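# Here is my input, please return the structure:
(chains A, B, C and D, ligands or ions: 4)
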Amino acid sequence: MHDPYHDRDSGSLIQLYYAPIKNNNREMEIEQLEKVAAQVRRDIVRMVHGCQSGHPGGSLGCTDLLVALYFERMKLKEEDGKPVFDMDGKGEDLFFLSNGHISPLLYSVLARKGYFPVPELATFRKLNSRLQGHPTPHEHLEGIRIASGSLGQGMSVAIGAALSKKLNKDDSLVYVLMGDGEQQEGQVWEAAMFAPHHKVDNLIAIIDLNGQQIDGPTAKVMDNRDLGAKYEAFGWEVMEVEEGNDMAAVVKALYEAKSKAGHAKPIMILLHTGMGYGVDFMMGSHKWHGVAPNDEQLAAALAQLEESMGDY
Amino acid sequence: MHDPYHDRDSGSLIQLYYAPIKNNNREMEIEQLEKVAAQVRRDIVRMVHGCQSGHPGGSLGCTDLLVALYFERMKLKEEDGKPVFDMDGKGEDLFFLSNGHISPLLYSVLARKGYFPVPELATFRKLNSRLQGHPTPHEHLEGIRIASGSLGQGMSVAIGAALSKKLNKDDSLVYVLMGDGEQQEGQVWEAAMFAPHHKVDNLIAIIDLNGQQIDGPTAKVMDNRDLGAKYEAFGWEVMEVEEGNDMAAVVKALYEAKSKAGHAKPIMILLHTGMGYGVDFMMGSHKWHGVAPNDEQLAAALAQLEESMGDY
Amino acid sequence: MKKYTFTEKKDTRSGFGAGMHELGQKNPNVVALCADLVGSLKLEPFIKENPERFVQCGISEANMISVSAGLTIGGKIPFATTFANFATGRVYDQIRQSVAYSGKNVKICASHAGLTLGEDGATHQILEDIGMMKMLPGMTVINPCDYNQTKAATIAIADYDGPVYLRFGRPVIPIFTDADQVFEIGKAWMVNEGTDVSIFATGHMVWEAIQAGEQLEAEGISAEIINIHTIKPLDEEAILKSIAKTRCAVTAEEHNRIGGLGDSVAQVIVKNDLVPQEYVAVNDSFGESGTPAQLMEKYGLTAADIVAAAKRAIAKKK
Amino acid sequence: MKKYTFTEKKDTRSGFGAGMHELGQKNPNVVALCADLVGSLKLEPFIKENPERFVQCGISEANMISVSAGLTIGGKIPFATTFANFATGRVYDQIRQSVAYSGKNVKICASHAGLTLGEDGATHQILEDIGMMKMLPGMTVINPCDYNQTKAATIAIADYDGPVYLRFGRPVIPIFTDADQVFEIGKAWMVNEGTDVSIFATGHMVWEAIQAGEQLEAEGISAEIINIHTIKPLDEEAILKSIAKTRCAVTAEEHNRIGGLGDSVAQVIVKNDLVPQEYVAVNDSFGESGTPAQLMEKYGLTAADIVAAAKRAIAKKK
Ligand SMILES: Cc1ncc(C[n+]2csc(CCOP(=O)(O)OP(=O)(O)O)c2C)c(N)n1
Ligand SMILES: Cc1ncc(C[n+]2csc(CCOP(=O)(O)OP(=O)(O)O)c2C)c(N)n1
Ligand SMILES: [Mg+2]
Ligand SMILES: [Mg+2]
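Numbering: from 1, shown residues only, chains lettered A, B, ... in the order given. Ligands and ions are numbered 1, 2, ... in the order given. Predicted structure coming up:
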């Protein structure tokens, strides 16, 4: 089915990635992805600071994943080196954000990838913006295919899109990201039961395992315990990635996941991340789930993040 | 905590049940319970025949369980040998029916136990009846504490009642019965996550594992696979009972379940039953999930079931 | 006054099933989904011919709605089907976010609406679904009046690009509209012209309204009967034109008095042209078990109730 | 005309938190539940003093509602709390079956209602919750106007035996009602008597209505302002008495124009006493991100909008 070494995605930041772990080019490529990630993290803190609202914690924690997906892993429709968006997304990989509150991350990645003008990031959460608090196609923002924000729905949507691809004999993949607190929503388990039953094996789901949600550590709020054992009991192919903020590890895991596609089972990646990763004082606490930095905190945060692609 | 051998329930059909498996009285007691079950099964087929609607399949399959619960296991408030109903149910065991469509079973058991007049069974599903298609306290029928019918809600309700008991320092138990198709509802898994987290160990949940639902075998409609592995992964104490239509096995399982109460985990009994059990032509097929017998079929069914307590 | 007769009675859900059957043959993008109620939704003919375009969701309605939203991405036209209660109240937030706000081309098709599903009782008898669905911006809400109209509506909504709620039911009721009708979304259907009172009816209450119209005529009262098969977008023009003439209104629906067609018409009236209005609807209560006919009578949804309401409305005219 | 002033602005959700704090001390049966939004619901003081009477449900709203229903068995008075969207649309079927139809003494307490939660945007800005909850038979629907009234309502509903939906919000708004008021469920509050137009307002739109009343007075128009804090049961008598005098009505609410207070009033009007009515409400659209003030203005929910509506209503009088 899918051979991860022979389906190079056109137009990604890095030209080739033949993955043998010791390839000389690899470190350089990873470095470039890390640079993008640093810029995206700058964007995130600047966006939430700009409107004094929004969710930096989860956004920063999942930055490496989304950069790896959009700049390296996903097969995306492009023309003249620029991504082209159409709603149907036939022939390309699709990504869905179920934990919609980490919208600043998605917006920054989409803008940096070229879906819409980078300066538009400044409109985040402001009146008349296409960059709503939670992502929505309602305002016709390129790159967004479904609204999220109310938790627990995104995996079902991704499954629907994956079924659509199967009906269209389109062998590209569908990715979906969820939160770990979000796993408390029953609908997630409806989807978890559905996907193996219908052999939705063109789906790669990822859980942001940061161990935090609004009211505190997930283990305290509503322990969802060993999610790996749960998804296995539901019939999934489960991968656990301990270093979800290590770009090389993330890229490697995504290759591995893709190699597992097409084998009758949906794939689940449990991605251990740090909430607030990349900004020391935001790291590892639920306190920064949904709080914006003040001017001073912004400066302190930016001092830790390289401006590699130019601030908006 | 709960010692299953020293908390005899007053006023049950059988005076004592000290459970050592080879006790001589035991077989006689089981026989009596079986007689009750035969009468309840008669009631069920007559009720659904009487209104030409309702759900015989699941009702017949769970008859042994409900008879064992109400006539042997549950500690129920009684006065002068008759059960007394009040909504709060303090100091007594409570039962909730989540798969409300098997209402004929519950109604028959409640009437035969003495909660309301047996002749009222004839009003089932008819206009102005207290015996609604699905159970409801809306019509003030003694024995009913919550409405069900829309699937997936009952275990949550039972958890709430169990928490209420804990707050009231009431150490009686809460039982809830669900369907196996019903396990496809996400809310069930919300409850499944909640109960272990909050150590709801005064709850005994039972799944009617008949392998059938409306559109066919559960494995074909939406395979929920090894429910035991799932509930274990969610943190439950799981018991599997292969002979859910063998009265002795059911009673024994309920004793065992009660002995596990009070140990920080909720208890799940996976009860293998036969849909339509007791009426040969209704057995083992989803076809009798929600279809009423005609006159001829009724006669054939009744011929297989002993009239032990007098038809209504 | 036009006379309406019928030779046959059928359930509107079978009209839906027939429409799906036809759609299966002519529109390769149509996909059917169901939550363990295939027989109740009359989907067998569709499934038999298009097994690969049927998605069994099991008893997981929330998942079904969001999967449907996902299916639109790639160009599918999902018809998500279950009982009306589980198609609306159980999944409102999913419809709101993944379908309505996202503007997805999902058809939510709901059987067993209202009291007349009968014996199952109140937990299944949703009387608030029209109210819920009409509050969603961008949602089209359709409640056809008989088998033929349900079939036509089913076919029509596949060609309309946007979210739709299609409501139908279980009881067998007279077929009195044309088998070859073309269903026009949002265009009220003038069933019978009249001058003394406007009766705006929806769903199978249209037939009751026709019966009421005949009784009223026998008493010398000329009733205008309009079938509001599309509750949203509402054909305000047709309503205003009619009340301009008759100067009083009756609304008739198998729904709670609160939140349904009646309130939609009342809003038009208080904003535009003040005429007295009488509601024929369930009076803010839950339903119960019984036969459809018993329930229609007990809950005040018969032709006789419409006749009485019409007289009350006329008596209130200035 | 009475003058209303304020010294302080506070969010109504803090009034809820204060009410819960007091209830925690005086009613041992009160239990609070929350779905991972303790801070947003201002529950900390309650939890601190009554940790054993707080049930953290995590992000599982459906379970929370049904657990609440179960808690009533044994005599608890559960207050189930979360954002208004997740307290209604996400769990409608659970509320319907386990709470309303079962007649359970559950208080559903919902913060972040309406547009004015601000930046989170439309997925969170429910504008249909009043409509949903008022369609449920037996449900009491309360939407208080400021911090003090929210606190008083919170305390009052604990003493009322039956299902209640209590709605409040995030923005800081003037406190203009008495700190020691007794909240009477179902009894509309006459804010200001007037003769030219009746303004029926609910929630924080009451303050906007008061502002509008002052502007109208400056132009020589006498507005009667009535606070409909209880939308169900509706104080029809107060409404009819007021319109009998003023002969026209304006309704003002932070809700969709469809299904809210406006439609409740319209139903009273078309049935009883025909007067023109103007709606101040969100015009059947989703909201968006922005500050509360920006959104109030963009979506037409300011005092100026009420003034304009009042003039339109007056102009339509016969
Ligand atoms: C259905 C629903 N309930 C509640 C919320 C409010 N809410 C937004 S984010 C969040 C916590 C999510 O936790 P997690 O998925 O772990 O994300 P993280 O905090 O790690 O980013 C909650 C409760 C919501 N958006 N949707
Ligand atoms: C939320 C909800 N969805 C759908 C239904 C319709 N329904 C009633 S019973 C049933 C099948 C239940 O299967 P199972 O739990 O296995 O019960 P059994 O058929 O074995 O009695 C369905 C789909 C319902 N009552 N509630
Ligand atoms: Mg988290
Ligand atoms: Mg079953």
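# Touching, residue A:44 and residue A:59? I think so.
Yes - under the criterion of Cβ atoms under 8 Å, residue A:44 makes contact with residue A:59 at 4.7 Å. Bear in mind the C-beta positions are built from the backbone N, C-alpha and C, glycine included.
# quick one, phi psi at the residue of the stretch 1-150 of chain A at minimum distance from ligand 3?
Taking Cβ to the ion, ligand 3 has its nearest neighbour within the stretch 1-150 of chain A at residue A:58, 6.3 Å off. With angles defined as degrees, to the nearest 10, residue A:58 sits at phi -60, psi -30.
# So it sits against residue A:178, correct?
No - counting by Cβ under 8 Å, residue A:58 stays clear of residue A:178, with 10.6 Å between them.
# what do these two both touch?
Common contact partners of residue A:58 and residue A:178 (Cβ atoms under 8 Å, 6 or more residues apart in numbering or on different chains): A:99, A:208.
# More neighbours: these two, which one.
residue A:58 (31 against 26; other Cβ atoms under 10 Å in any protein chain shown).
# From residue D:119, how far out is the closest residue to the more buried one other than its chain neighbours?
Sequence neighbours aside, residue A:102 is the residue nearest to residue A:58 in space, at 4.2 Å (criterion: Cβ to Cβ, 6 or more residues apart in numbering or on different chains). Distance, residue A:102 to residue D:119, by Cβ to Cβ, to the nearest Å: 15 Å.
# These two: which has the busier surroundings?
Set residue A:102 next to residue D:119 and count neighbours by other Cβ under 10 Å: residue A:102 wins out with 29 against 24.
# ok, now which ones touch that one?
A:55, A:58-59, A:62, A:208.
# Is it in a helix, a strand, or coil?
helix (DSSP: H, G, I helix; E, B strand; the rest coil).
# For it, give its distance to residue D:50.
On the measure of Cβ to Cβ, residue A:102 and residue D:50 end up 34 Å apart.
# same thing with residue A:235?
Applying Cβ to Cβ to residue A:235 and residue D:50 gives a distance of 42 Å.
# which non-adjacent residue is nearest the residue of the stretch 1-150 of chain A found nearest chain C?
Nearest residue of the stretch 1-150 of chain A to chain C: residue A:147, at 4.6 Å (Cβ to the nearest Cβ). Among residues not flanking residue A:147 along the chain, residue A:136 sits closest, at 4.0 Å (Cβ to Cβ, 6+ apart).
# check contacts around that neighbour.
Per Cβ under 8 Å, 6+ apart, neighbours of residue A:136: A:144, A:147, A:149, C:101-102, D:121-123.
# Select only the buried ones of those residues in PyMOL?
In PyMOL, this line selects whichever of these come out buried by 16 or more other Cβ atoms under 10 Å in any protein chain shown:
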select buried, (chain A and resi 144+147+149) or (chain C and resi 101+102) or (chain D and resi 121+122+123)
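# Break down the stretch 151-300 of chain A into its strands, ranges please.
Per DSSP state E, counting those that start in this stretch, the stretch 151-300 of chain A carries strands over the ranges A:174-179, A:203-209, A:212-213, A:216-217, A:237-241, A:267-272.
# any chance of those strands in a markdown table, with mean pLDDT and distance to residue D:183 too?
Putting the strands of the stretch 151-300 of chain A into a markdown table (pLDDT from 0 to 100; distance: least, Cβ to Cβ, whole Å) gives the following:
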| stretch | mean pLDDT | distance to residue D:183 |
| --- | --- | --- |
| strand A:174-179 | 98 | 38 |
| strand A:203-209 | 98 | 43 |
| strand A:212-213 | 97 | 34 |
| strand A:216-217 | 97 | 33 |
| strand A:237-241 | 98 | 52 |
| strand A:267-272 | 98 | 49 |
